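K.L.:
Need the 3D shape of this:
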Amino acid sequence: MPIRFDPPTLVKLRRDLMRRGRTLAELLTEVLAGKTPPALEELLKAKPGKRPAEVLREALDQIERRRILLDAGDDHFGRCDVCNVDLGLASLDEMAWADCCAEHASR
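P.N.:
From the prediction side, this is the model:
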């Protein structure tokens, strides 16, 4: 089976995942301290009716699931969880934590 990502790309994707995770963890810390950071608004738009801490924890869980796949060299990293289509490096460069294609993004 051919390698999907070369080592420098893997490093970049992992770094992007970790950076996003750190940002989400900082937001969660602020929310748990009773603050409403402006950066939270965009996340909440996608998940109406959910509490901010719940949205952030779900997003952190998504990051962790993607990191585990990436670190394990699992071929499912970078593929849609629903239809298994390859998301493509361009999409992963924008959002390394993506877990579904555009068609299934609204699930």
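K.L.:
which of the residues in the helix or strand harbouring Lys45 are buried?
P.N.:
Secondary structure assignment for Lys45, by DSSP states H and E: helix 40-46. For helix 40-46, burial by neighbour count (16 or more other Cβ atoms under 10 Å) applies to Leu40, Leu43. Placement of C-beta: from N, CA and C, glycine included.
K.L.:
C-alpha coordinates for the next helix or strand after that helix, CSV please?
P.N.:
Toward the C-terminal end, the helix or strand that comes next after helix 40-46 (DSSP H and E) is helix 52-72. The C-alpha coordinates for helix 52-72 follow below in CSV (Å, rounded to 0.1, in the frame of the first residue of the first chain):
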residue,chain,number,x,y,z
PRO,A,52,-20.4,26.1,24.9
ALA,A,53,-18.4,23.6,27.1
GLU,A,54,-20.2,20.7,25.4
VAL,A,55,-19.3,22.0,21.9
LEU,A,56,-15.7,22.5,22.9
ARG,A,57,-15.4,19.1,24.4
GLU,A,58,-16.8,17.5,21.3
ALA,A,59,-14.3,19.5,19.2
LEU,A,60,-11.4,18.4,21.4
ASP,A,61,-12.6,14.8,21.1
GLN,A,62,-12.6,15.1,17.3
ILE,A,63,-9.0,16.4,17.4
GLU,A,64,-7.9,13.6,19.6
ARG,A,65,-9.5,10.9,17.4
ARG,A,66,-7.8,12.4,14.3
ARG,A,67,-4.4,12.6,16.2
ILE,A,68,-4.7,8.9,17.2
LEU,A,69,-5.3,7.9,13.6
LEU,A,70,-2.5,10.1,12.3
ASP,A,71,0.0,8.8,14.9
ALA,A,72,-1.0,5.2,14.2
